[in-house]
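>>> below are the sequence and a predicted model; questions follow.
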Amino acid sequence: MPAFTARRPCAPEAPERSLFEPYVPAFLAHLRDDGMSEGSVANYSGPAKHFLVWLHQQRVQLHDVDADAIRLFLKHVCHCPRPHGERYLCSSGRLLKGRILRFVGFLEQQGHICNPTDRAAALQRVDAFSAFVAAEGLKPGTVAHYRRSCTHFVSWLCQQRIALDAADEDVVRQFDRHDCLCPGAFTLGAQRGTHCTQRVTRFVRYLATTGVVAGAFAKTRGEPALPLAEFEEWMRRHRGTGEQTMVKHLRLLRRVLPELGSDPSQYDASMVRNTILRQATAGSRQGARSTTSALRMYFRYLAATGQCAPALVDAIPRVPNWRLSTLPRYILQDDVERVIASCDLTTARGMRDHAILLMLARLALRAGDVIHLHLSDIDWNNALIKVAGKSAREVALPLPQDVGDAVAAYIEQTRPRVRADHVFLRTIAPFEPLAHGSVITGIVRAALTRAGVRNTSLRGAYLLRHSAATHLLRSGSTLEAVGALLRHRSMDTTTIYAKVDTRMLAHVVQPWIGGVTCR
């Protein structure tokens, strides 16, 4: 609906008392039926009459009243005529707004103002959603916040004449920015804030899962259609690509492909190289390497399915990477033990993080290994744990005693009792599996801070993986044993750790010419 605009300034002619019939007397009777005292009812008569007079002066039909009309009324410079002895304005603008909104709500209930939004049905959806989040284990206070935010959203939808089944990302964005005139406690200056928008977003997504809203948040309006679903299926079926790698590829492709266009038959080497160059200059070397890797895999899919020339695969340049030019980043074993001991074992989160850190430090697992670990992957009788890593190849690793004790204590004492097969879950409701490897990175980073370890630039799960491999090699383990623990397919990948084996390097180091030594 287009924004409401005033037709002309309020005219000075006196209003006829028939203008108020039958709306104001019926409204006052409704207030009395609700148990309002006569003194309070008298405060509603003037604002209701004032609103009707203003609508008449602006030549606005009653059934066309919406939030824009109410907002203009509340902000207008009043020259409205009034009958002798009639008082219009109440002492507070806030009170005036509340009384006008209550009057408009009454007119909507009586059918005098047209509103296609079914408020009662929408509030029933709010009740169902509140029961849903309560069943997930949220505290009653948190559930009350969800109900309040969603009720506010429904009130705003009614004012904007937007049906609940039309809610999408754009609607939620408009709600987040709206100038609140919603009835109820929301008119008392309550701030919406980020948390309110997040709750409303989750409410709309819940409606999408129940079929009330079609395709909410599925695709941003105006976003070009990209044929990535077939590519995703091809990668999983023919390349065995892991879930995290697939998510990363899709994210990068959605950023690059709109610049190339949606028709692969129109691609050429010059277009591809120029696009990659523009992307590379706007980011880091690692980001450019990831982008070219994702594009190379996508072009292989296009070539395999006959959508582009096979030669385009070779048109994608490679970003230089001298793999053996750097040392693996690690911390000493004493620091590792301090990181593990930094967890508070009196809390559920501390026990969970303690078990995760032990797995990373003792078994050199990746963050994805921990995220995707299931209860069925632990063989307690044989002290084995099964992990798949980046590939679909499953490997059984020995379960050390301290790791097994920590995981068992977490499962038996503090793990939420929910129907989920993942070992590690969120410690606050909803009790779902950890969403992404970045959660594990956050756990390691927080533990490093608590332990006072600040002498490393790498502060994630890979730091403990590198530290475990370095410690094993310095303790006398062979490169083959370290490669088996790290699950490297090629020994070349493991050889980078040979550069930190100072005992072995001491036997092969060559003296300086002339007997010069370093001090």
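In hand now; what should we look at? Note that the structure is a prediction, hence the values are computed from the model and not measured.

>>> tell me how far the residue nearest to A408 when sequence neighbours are not counted lies from D405.
Leaving aside its chain neighbours, A408 sits nearest to W380 (7.8 Å; criterion: Cβ to Cβ, 6 or more residues apart in numbering). Just so you know, the C-beta spots here come from the backbone N, C-alpha and C atoms, and that holds for glycine as well. Separation of W380 from D405 (Cβ to Cβ, to the nearest Å): 11 Å.

>>> same question for S149.
To D405, S149 is 43 Å away according to Cβ to Cβ.

>>> more crowded one of those two?
Neighbours per residue (other Cβ atoms under 10 Å) separate S149 from D405, with S149 holding more: 23 against 13.

>>> so that one sits right up against R202, yeah?
No - using Cβ atoms under 8 Å, S149 is not in contact with R202, being 9.4 Å away.

>>> pLDDT of stretch 430-449, averaged?
Average pLDDT, stretch 430-449: 86.

>>> list the buried ones in stretch 125-134?
125-126, 129-130, 132-134 (16 or more other Cβ atoms under 10 Å).

>>> with secondary structure, distance to S290 and pLDDT added, can I get the residues you listed in a markdown table?
Shown next, in a markdown table, are those (DSSP: H, G, I helix; E, B strand; the rest coil; distance: Cβ to Cβ, whole Å; pLDDT from 0 to 100):
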| residue | secondary structure | distance to S290 | pLDDT |
| --- | --- | --- | --- |
| R125 | helix | 41 | 88 |
| V126 | helix | 42 | 90 |
| F129 | helix | 38 | 89 |
| S130 | helix | 42 | 88 |
| F132 | helix | 38 | 85 |
| V133 | helix | 36 | 82 |
| A134 | helix | 41 | 82 |
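
>>> just give me the closest of those residues to D34.
V126 (22.3 Å; Cβ to Cβ).

>>> R237 versus that closest one, what's the distance?
Going from V126 to R237 by Cβ to Cβ gives 42 Å.

>>> which residues does S290 contact?
248, 252 (Cβ atoms under 8 Å, 6 or more residues apart in numbering).

>>> below-threshold pLDDT in the stretch 151-300 of the chain: ranges please.
179, 181-194, 214-227, 243, 282-283 (pLDDT under 70).

>>> switch to 80 and redo it
158-161, 177-195, 211-227, 239-245, 247, 261-262, 278-287 (pLDDT under 80).

>>> you'd agree R289 is in a helix?
Yes - according to DSSP: H, G, I helix; E, B strand; the rest coil, R289 belongs to a helix.

>>> quick one, grab the pLDDT at the nearest residue to it once chain neighbours are set aside.
Computed as Cβ to Cβ, 6+ apart, the closest residue to R289 that is not its neighbour in sequence is V319, at 4.3 Å. You'll see V319 listed with a pLDDT of 75.

>>> follow-up on the earlier one: can you pull the pLDDT of the residue nearest to A408?
W380 is given a pLDDT of 93.

>>> over to K499?
At K499, the model reports a pLDDT of 56.

>>> again with D492
63.

>>> same check, this time on A14
pLDDT for A14: 50.

>>> try the one 10 residues further on
Looking at V24, its pLDDT is 80.

>>> check the one 3 residues further on too.
As summarised for this prediction, F27 has a pLDDT of 81.

>>> and the gap between it and L52?
Taking Cβ to Cβ, one finds F27 at 10 Å from L52.

>>> number of residues surrounding S37?
Neighbour count of S37, defined by other Cβ under 10 Å: 9.

>>> for V65, give me its contacts.
55, 104, 107, 113.

>>> oops, could you answer that again for D127 instead?
R147.

>>> element containing it, please.
Using DSSP states H and E, D127 sits in helix 119-135.

>>> before we move on, what about K386?
K386 belongs to strand 384-387 when assigned by DSSP H and E.

>>> pull out the CA atoms of the helix or strand just after that strand and give them to me as CSV.
Per DSSP H and E, the first helix or strand lying C-terminal to strand 384-387 is strand 395-398. Extracted in CSV, the C-alpha atoms of strand 395-398 (Å, rounded to 0.1, in the frame of the first residue of the first chain):
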residue,chain,number,x,y,z
VAL,A,395,39.7,-44.9,10.2
ALA,A,396,39.7,-46.4,13.7
LEU,A,397,42.0,-44.7,16.2
PRO,A,398,42.9,-45.9,19.7
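
>>> can you list the buried residues in strand 395-398?
Of the residues in strand 395-398, those buried (16+ other Cβ under 10 Å) are L397.

>>> what's it in contact with?
Defining contact as Cβ under 8 Å, 6+ apart, one finds that strand 395-398 is touched by 363, 379, 383-389, 485, 487.

>>> repeat for stretch 268-279
Residues outside stretch 268-279 that contact it (Cβ under 8 Å, 6+ apart): 255-256, 259-260, 287-288, 291-292, 295, 299, 311-312, 315-317.
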